[in-house]
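J.: can you look at this prediction? I've put the sequence above it.
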2 protein chains.
Amino acid sequence: MNIILFEPHEAATNQITIHDRRSEHILKVLKSAPGDTVRVGIINGGSGSGIITETSDKSVTIKLQINNPEPPPRPLTDLILALPRPIMLKRVLAQATALGVGRIFLVNAKRVEKSFFHASLLEDESYRDYLIQGLEQSVDTLLPKVSIHQRFKPFIEDDLPELTDYPCRLLAHPNTKHGLWEQVKPPISGKKTVLAIGPEGGWIDYEIGKFKDQGFSAFSLGPRILRVDTAVPAILAQINLLRSIP
Amino acid sequence: MNIILFEPHEAATNQITIHDRRSEHILKVLKSAPGDTVRVGIINGGSGSGIITETSDKSVTIKLQINNPEPPPRPLTDLILALPRPIMLKRVLAQATALGVGRIFLVNAKRVEKSFFHASLLEDESYRDYLIQGLEQSVDTLLPKVSIHQRFKPFIEDDLPELTDYPCRLLAHPNTKHGLWEQVKPPISGKKTVLAIGPEGGWIDYEIGKFKDQGFSAFSLGPRILRVDTAVPAILAQINLLRSIP
């Protein structure tokens, strides 16, 4: 927890008492005492510092000073992810948020188990906790927008084309002869990019065809097969590196 | 499990009966039956195919055909990792192995908790299971060499210089103005590279100085702070991308 985040309704008053995992972190990990300052932010809002005014065994009272009233700009990379199993999804959401993504589209695919869409993680929106973990880790305040698409065809044919136009559209696919470097030529620093990562077992040919119809370029990470919780940080980091090349 | 791996002593006879997590995978995930073929390999050895000759509820008998007698070449990137907490280490070892590393040096640092060195994961070498998971995932047979260095100074001053000379030496350090692209200019495709990743809270100045004395270039991944299980796949993947640039 490298920033202590508050919900907007909590930050309506500028002095807040908390007794949850945040106060536990402040007391047990940061070992802060009254007078100390911690980095604070408001979810989807600004950031600044918090002065600890009072502590007890389990609670902490903080006075917020939001010096930076605006959230950071939305990251330029969006992620289309074939819905993974819930335990994997938790990890991937936190990792992708930490690395910085603007939107996350959780989509169906032939090789996605249908039951994954009925996981409580999605149905009660508890996945939001993992996005917040990613923000807390990476000192960010802006939640990625998450949307769930139970039908692949309407998503790829209708929903995606209606969104912002992406100059850079990438499809991770193991059996492709091109690497990422051959498909993306810098500079891409200011370009909106969308990256699609398939399910365990990969996209089927029909799905790959649909992505290609939408202008996606397929690339491979090489002969090694990666789990989705390795592939997502790996490829997002590679795109970040490509963005840094002038 | 994208390859079924056998210990060299198991592969001494070319027909083997197994009843462990490998047979469980073959029966329950691959749903293989007698006559089917699975991809097989020998740890630190060759690879080929295995013909299933017999199955029961829990056991599988396989006849090995090692068509490829040599292990793949050792990856050119080595990893120096400030020892993380055991639960994190398990994940990082599997991820790093899946992405391909030649050696892993687990080292001490000021901000490493000393108790981590006494984890059963290290003391009984059960960390090897996580390396094997990485190989099984990425269809590899060659285990990274792992060494444990409880004292930082002898490691950096004596052990490291005695090893293969690395033309490319990189130190991940958040508070650095340079990005990876500024510190590594392709082509590096055939160059041995060593990457050092610090503990939660980072390397201290003394440690950074010692790395710089050994010719390491510091780079930052940007303002976002990443957990080690995100940073390791992220940076290894970035180095793999740099290797692919002609």
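T.: The structure has been received and is ready for your questions.

J.: out of the helices and strands in chain A, which is least certain?
T.: Every helix and strand of chain A was ranked by mean pLDDT, DSSP states H and E. The lowest is helix A:160-162, at a mean of 88.

J.: immediately after it, which helix or strand?
T.: In the C-terminal direction, the helix or strand that comes right after helix A:160-162 (DSSP states H and E) is strand A:168-172.

J.: show me what that following strand is packed up against.
T.: When contacts are defined as 3 or more Cβ pairs under 8 Å, 6 or more residues apart in numbering or on different chains; DSSP states H and E, strand A:168-172 sits against strand A:193-197, helix A:205-213, strand A:217-219, helix A:228-243. Any C-beta I mention is one placed from the backbone N, CA and C, and that applies to glycine too.

J.: show me what the third one is packed against.
T.: Strand A:217-219 sits against strand A:168-172, helix A:180-183, helix A:205-213, with contacts defined as 3+ Cβ pairs under 8 Å, 6+ apart.

J.: got a list of contacts for the longest one?
T.: Going back to what we said before, that points to helix A:205-213. Outside of helix A:205-213, the residues that reach it under the criterion Cβ atoms under 8 Å, 6 or more residues apart in numbering or on different chains are A:109-110, A:152-153, A:156-157, A:169, A:171, A:173, A:196, A:198, A:203, A:218.

J.: how many other residues sit next to residue A:89?
T.: Summarising burial for residue A:89: neighbours were counted as other Cβ atoms under 10 Å in any protein chain shown, giving 22.

J.: once you drop chain neighbours, what's closest to it?
T.: Of all residues beyond its chain neighbours, the one nearest residue A:89 is residue A:121 (6.3 Å), with distances taken as Cβ to Cβ, 6 or more residues apart in numbering or on different chains.

J.: next: residue A:75.
T.: In space, and not counting its chain neighbours, residue A:75 is closest to residue A:100: 3.9 Å by Cβ to Cβ, 6+ apart.

J.: hang on, the one you found packs against residue B:224?
T.: Yes: with the criterion set as Cβ atoms under 8 Å, residue A:100 and residue B:224 qualify as a contacting pair; they are 6.2 Å apart.

J.: hey, what's in contact with both of these two?
T.: A:138, A:140.

J.: can you pull the residues of chain A lying near chain B?
T.: For chain A, the residues in contact with chain B (Cβ under 8 Å from any Cβ of the partner chain) are A:2, A:95, A:98-100, A:137-140, A:179-181, A:221-227, A:229-230, A:233-238, A:240-242, A:244-245.

J.: are any of those residues buried, and if so which?
T.: Of all these considered here, the ones buried according to neighbour count by 16 or more other Cβ atoms under 10 Å in any protein chain shown are A:95, A:98-100, A:137-140, A:179-181, A:221, A:224-227, A:229-230, A:233-238, A:240-242, A:244.

J.: so what's residue A:171 up against?
T.: Neighbours of residue A:171 in contact, by Cβ under 8 Å, 6+ apart: A:195, A:196, A:203, A:208, A:211, A:212, A:216, A:217, A:218, A:219.

J.: which of these are buried?
T.: In terms of neighbour count (16+ other Cβ under 10 Å), the buried residues within the contacts of residue A:171 are A:195, A:196, A:203, A:208, A:211, A:216, A:217, A:218, A:219.

J.: I'd guess the third one is in a helix, am I close?
T.: I take that to be residue A:203. No: the secondary structure assignment for residue A:203 gives coil rather than a helix, going by DSSP: H, G, I helix; E, B strand; the rest coil.

J.: how close does it sit to chain B?
T.: Note on residue A:203: its distance to chain B, by Cβ to the nearest Cβ, to the nearest Å, is 17 Å.

J.: would you confirm that that residue contacts residue A:112?
T.: No: counting by Cβ under 8 Å, residue A:203 stays clear of residue A:112, with 10.3 Å between them.

J.: chain center to stretch A:215-233, what's the gap?
T.: The chain centre lies 17 Å from the centre of stretch A:215-233; the measure is Cα atoms, centre = their mean, to the nearest Å.

J.: ends of it, how far apart?
T.: Distance between the two ends of stretch A:215-233: 23 Å, counting by Cα to Cα, to the nearest Å.
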